[in-house]
Structures are given as structure tokens and as C-alpha cells.
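Engineer: coords below, sequence missing:
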């Protein structure tokens, strides 16, 4: 394929790895655009400083959510581009794919606790904790041939609830520094295929 400058572009993505290790990176943002967690596994090229990368990713998601809400064929009352939408409001966007990666996205409404996978936490009496669920945005970037990851994002959110939200040492809105969460997240994302 020829691109404008005459540079040859290879339209086929790299092969899926045999080990299932197809996750490239994950972002977790709060509703204000603060990156609570950034992890990477197979990112080959680092072009930006991390803060600029986080801003660009959050801006991309904000724009895509606004665009999908504006183009929603089922909504009679159209919102203006750039007007913030509440989670679950309007047409929702789940993923997009390029020839080199797939970006999957999930936004959680605040105050709602989805069905939980049983994940025991040693040393924590979870029934005695007061839980505050806040809106977070999960972004998982994987190999382009990876299938639908909505269930995987729900599972990652459940890991977040079990190991971060229920952790009495975690202060909401601060960067996530929880080794059990990181370990389980790494193990799970490495198995996504």
C-alpha cells in the first residue's frame, strides 16, 4: 500500500503470539481524566512522555464518546459535540481497531456495583467495609486480532473493586499502588488472547 509520501505501509498486523500474551497496555482513568494506573506489557515504541500520553488518550476517548453520542441514530435530542455525557447515556462505544492494535474501552457508572467474581482477599473483612464506587474508565490496548473484550474489562474492573476499592489503605482518586492488584492484573492480561 502506498501512502502519500511514497512510504510503504504494511497493512497486515503482527502475528498473534502463541502464549496468548497479546496485551500491550492498560490505562485506568477517573472521571476527571487523572490516570490512576498505566501498565504496559508489549509496547515496542515510546514516543511521548507518560503525562502527555495520558492526556492524549483521555482526550481521544472524550472525543470518541462525544462523536458517538452526536451520531446516535436512536436519540431524538442531539447533544452538542464536547458536552460531557453521563456514563451509560447515549450511544456507547466499546472498541476500535487499526492494523496494529485494538483499543477496548469500558466506563463504569458511579455508585453501581456490577456482579462480582469471587476474589478472596487475605486479611480483609470485606463485609465490614464501606465501599465508594466512582466512575472509572478502563482502556485495554491489545493485538488487533483480539476478539471482544467487554467481559475481560468487566473482570479487570472486578479485580479493581476487590483489590483496590475494598483496600482500607487506598484513598480514592490517588494512583493505584496495590501489589495484589498489579500481580493479578498482569497474570490476567498476559492470558488474554
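Structural biologist: Thanks, I have the structure now. Given the structure is predicted, the values throughout are model-derived calculations rather than measurements.
Engineer: tell me the buried residues in the longest helix seen in the chain?
Structural biologist: When the chain is parsed with DSSP state H, its longest helix is helix 50-71. Residues of helix 50-71 classed as buried by neighbour count (16 or more other C-beta atoms under 10 Å): 53-54, 57-58, 61-62, 65-66, 69-70. Any C-beta I mention is one placed from the backbone N, CA and C, and that applies to glycine too.
Engineer: now, which of those residues sits nearest residue 38?
Structural biologist: residue 54 (6.7 Å; C-beta to C-beta).
Engineer: I'd like to know how far the closest one sits from residue 33.
Structural biologist: Look at residue 54 and residue 33: by C-beta to C-beta, to the nearest Å, they are 8 Å apart.
Engineer: how about residue 67?
Structural biologist: With C-beta to C-beta as the criterion, residue 67 and residue 33 are 17 Å apart.
Engineer: which elements pack onto the lowest-mean-pLDDT helix or strand in the chain?
Structural biologist: Least confident helix or strand of the chain, by mean pLDDT, DSSP states H and E, is helix 50-71 with a mean of 84. Applying 3 or more C-beta pairs under 8 Å, 6 or more residues apart in numbering; DSSP states H and E, one finds that helix 50-71 contacts strand 23-30, strand 35-40, strand 102-107, strand 136-142.
Engineer: so after it, what's the next helix or strand?
Structural biologist: Remark: after helix 50-71, the chain's next helix or strand is strand 95-97, criterion DSSP states H and E.
Engineer: report the buried residues of that next one.
Structural biologist: Neighbour counts over strand 95-97 (16+ other C-beta under 10 Å) mark residue 95 as buried.
Engineer: so which elements touch it?
Structural biologist: strand 102-107.
Engineer: so for the strand it packs on, mean pLDDT?
Structural biologist: Strand 102-107 shows an average pLDDT of 90 in the prediction.
Engineer: and what of stretch 184-193?
Structural biologist: Average pLDDT, stretch 184-193: 84.
Engineer: shaky segments in this structure?
Structural biologist: In the predicted model of the chain, residues 1-21, 75-92, 110-134, 193 satisfy pLDDT under 70.
Engineer: now with 80?
Structural biologist: 1-22, 42-48, 66, 68-93, 109-135, 192-193 (pLDDT under 80).
Engineer: what is the burial count for the residue lying closest to residue 105 once chain neighbours are set aside?
Structural biologist: Nearest non-adjacent residue to residue 105, counting by C-beta to C-beta, 6 or more residues apart in numbering: residue 139, 5.5 Å away. As a burial measure, residue 139 scores 22 neighbours (other C-beta atoms under 10 Å).
Engineer: ok, now how distant is residue 139 from residue 59?
Structural biologist: 12 Å.
Engineer: surely residue 160 touches residue 182?
Structural biologist: No. Applying C-beta atoms under 8 Å as the test, residue 160 and residue 182 come out as separate, 11.1 Å apart.
Engineer: next, give phi and psi for residue 150.
Structural biologist: phi -60, psi -40 (degrees, to the nearest 10).
Engineer: neighbours of it, how many?
Structural biologist: Other residues lying near residue 150 total 13 when counted by other C-beta under 10 Å.
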